[in-house]
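Chemist: next comes the sequence, and after it the predicted model I'd like to discuss.
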Amino acid sequence: RSVLLAPVLFVSTGGLGQVYGTMRVALTLRTGQPVPKAHVMVISVDRGDLLSFSARTDDSGQSIFSDLPSGGYKVTMKKEGCKTWEEPYVSVSADNTAEINVTLTQGDPTEKEVDDGSAISILKLDRANVATSFSLHEIESLPIFLQNVSLFELLVPGAVRTSNVLPPEQNPQNGVYASLSGQHFSGTEVVLDGTVNRDPLQGIIVLNSSLDSVSELKITTQNYGAEFGPATGGVVSIQTRSGTNQLHGSAFGYRVSGLGQATTPNFGLTSFLLASAEKRDDFGASLGGPMIRDRLFLFGDFRGIRQRDDGTILLTVPIQTVHTTCTGLSDGSYCNLQAYLNAGAACNAPCVGGMIPNNIVSPQMVNFLKMIPMPDYGASDAVTNNFTASGVDSGANDNFDIRADYAISSKLRTFTRYSFASFTENGSPALGAAVGGPGTNPFKFAGVMKDRNQGISSGLSANLNPTLLTDFRFGFLRYNLRMDSLDTGTAPAADRKSVV
């Protein structure tokens, strides 16, 4: 299933919602008077002078920059007759406003005052939405189980984890099922770099980004913008990392071997899963840096997972008497089911006293019965819970992201991100590939699952003048899930005519 987001042209005098951040600078004198026509320069700390913005304050002493890509900026404020003020680092995040309230000191403009960050306000005054934001430092520092980015939803006030609607093999990206504001989990819109990242039918996240690829995350639960019309519970906005002028990277590896874990509880004949063991390897790396200093930046990351679940399950199969007496021959013999009658099973016509004439036993059933294994568990006369099967459920996950940011000029810039995620799972059935049965694993999956998800987000932004921004955004999303039985590609009707 594919979702194509048509190219859309935005022309705005304000910010572009979940894509860019905003910075508001307010200048006053010590007398409290506003400082009009002061020159304000905003320059990226990590990506050079081409990613820079300048403006003059209005009559109220304010200047607003509403189209800033996420990152750190140095802000310089100059006014004739006043000392130059410099804010060395201001963090800007998508769909948030950084407020800087500065009091200029009269004096020589060649003298510089460097702030310690106290002029940056933490109050939110320009919007009424209720949201929780996670910075890059918080994303890297918070302990998140299995490095699952979607679990950050559960840290938001009012978020409640709900029961899994889909089996694990239909949600291999392991997106969390969380209710925001009391709404169904499918009412949460997920946006990745400004484009949709949610399957419209099943309501789950499609590209569950690795921690190494996420620069910031914001979850809005109330008063989000009207452009997110399908959202009824909230909006999850994820921004991916980009390269900078400094080469940076990371690498990780984790292994879960089951050492020291408790064994599976065994409740005797009432158990389905008698034993289970899990092995999991999680590894990855990321790298970002400049291809052309101050102009072209690249960032890429890879994550791989190899998982194996061994299990032993308890089932019921026909007893040996059934195998030897249910022949389907027209020789006056009978299929003996008396053991089941003695165990309390019903016996209706044409079954009399637990016996069925063999001449009415279908040859299809006889041939199918030959494929079912004999009992191997419990008492010799047990008619239920008499067979154990062991097997493996193996899975592999490979995903990567690559992003390029290009500053064409100080007023024109573009970016493109491509994400790919591949999932495979192979679960062995308890009775073999020919017969089938439940999988020998905690989730009972038997078969082959293949999922290949892809996503593209691309944008072109142009500053036409200090109050007018044009943004072109393109997005593509594909969720391609296939599940088959282990005998897919065979022709059982042709190979086993006597069975079917």
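Modeler: Nice, thanks for sending it over. Numbers count the residues shown, from 1 in each chain.

Chemist: residue ranges with poor pLDDT in this structure?
Modeler: Within the chain, the stretches with pLDDT under 70 are 1-18, 262-271, 466, 490-500.

Chemist: and the helices in this protein?
Modeler: Here the chain has its helices, by DSSP state H, at 136-141, 320-325, 338-342, 363-371, 432-435, 492-495.

Chemist: out of those helices, flag the one nearest residue 166.
Modeler: Residue 166 lies closest, by C-beta to C-beta, to one member of the helices of the chain: helix 432-435, at 24.7 Å. All C-beta spots, glycine's among them, are computed from the backbone N, C-alpha and C.

Chemist: what about the closest residue in space to residue 342 that isn't next to it in sequence, distance to residue 334?
Modeler: Counting by C-beta to C-beta, 6 or more residues apart in numbering, residue 342 lies nearest to residue 354, which is 7.5 Å off, once chain neighbours are set aside. Distance, residue 354 to residue 334, by C-beta to C-beta, to the nearest Å: 9 Å.

Chemist: the more surrounded of the two?
Modeler: More crowded of residue 354 and residue 334, by other C-beta atoms under 10 Å: residue 334, with 19 against 16.

Chemist: bridging residues for the residue lying closest to the more buried one once chain neighbours are set aside?
Modeler: Ranked by C-beta to C-beta, 6+ apart and with sequence neighbours excluded, the top spatial neighbour of residue 334 is residue 355, at 4.2 Å. On the basis of DSSP bridges, residue 355 is bridged to residue 336, residue 352.

Chemist: residue contacts, residue 355?
Modeler: When contacts are counted by C-beta atoms under 8 Å, 6 or more residues apart in numbering, residue 355 touches 334, 335, 336, 337, 338.

Chemist: now, which of these sits nearest residue 124?
Modeler: Of these, the one sitting nearest to residue 124 (C-beta to C-beta) turns out to be residue 337, at 73.7 Å.

Chemist: so who does the residue nearest to that closest one when sequence neighbours are not counted touch?
Modeler: Of all residues not flanking residue 337 in the chain, residue 354 sits nearest, at 4.8 Å (C-beta to C-beta, 6+ apart). Residue 354 is in contact with 336, 337, 338, 339, 340, 341, 342, 347, counting by C-beta under 8 Å, 6+ apart.

Chemist: run the chain-centre distance for stretch 422-440.
Modeler: Its chain's C-alpha centre and that of stretch 422-440 lie 26 Å apart, by C-alpha atoms, centre = their mean, to the nearest Å.

Chemist: and the gap between residue 212 and residue 290?
Modeler: 19 Å.

Chemist: before we move on, what about residue 402?
Modeler: Relative to residue 290, and taking C-beta to C-beta, residue 402 is found at 15 Å.

Chemist: these two: who's more crowded?
Modeler: Set side by side, residue 402 and residue 290 show more neighbours around residue 290, with 19 against 16, by other C-beta under 10 Å.

Chemist: contact partners for the more buried one?
Modeler: 243, 244, 245, 247, 296, 297, 298.

Chemist: what's the closest non-adjacent residue to the fourth one?
Modeler: The one in question is residue 247. In space, and not counting its chain neighbours, residue 247 is closest to residue 289: 3.8 Å by C-beta to C-beta, 6+ apart.

Chemist: so which residue is smack in the middle of this protein?
Modeler: residue 208 (1.9 Å; C-alpha atoms, centre = their mean).

Chemist: that one and residue 147 touch, don't they?
Modeler: No: Residue 208 is beyond contact range of residue 147, at 9.8 Å (criterion: C-beta atoms under 8 Å).

Chemist: ok, what's across the strand from the residue lying closest to residue 451 once chain neighbours are set aside?
Modeler: Nearest non-adjacent residue to residue 451, counting by C-beta to C-beta, 6+ apart: residue 423, 4.1 Å away. Beta-bridge pairing of residue 423 under DSSP bridges involves residue 397, residue 451.

Chemist: cool, thanks, signing off.
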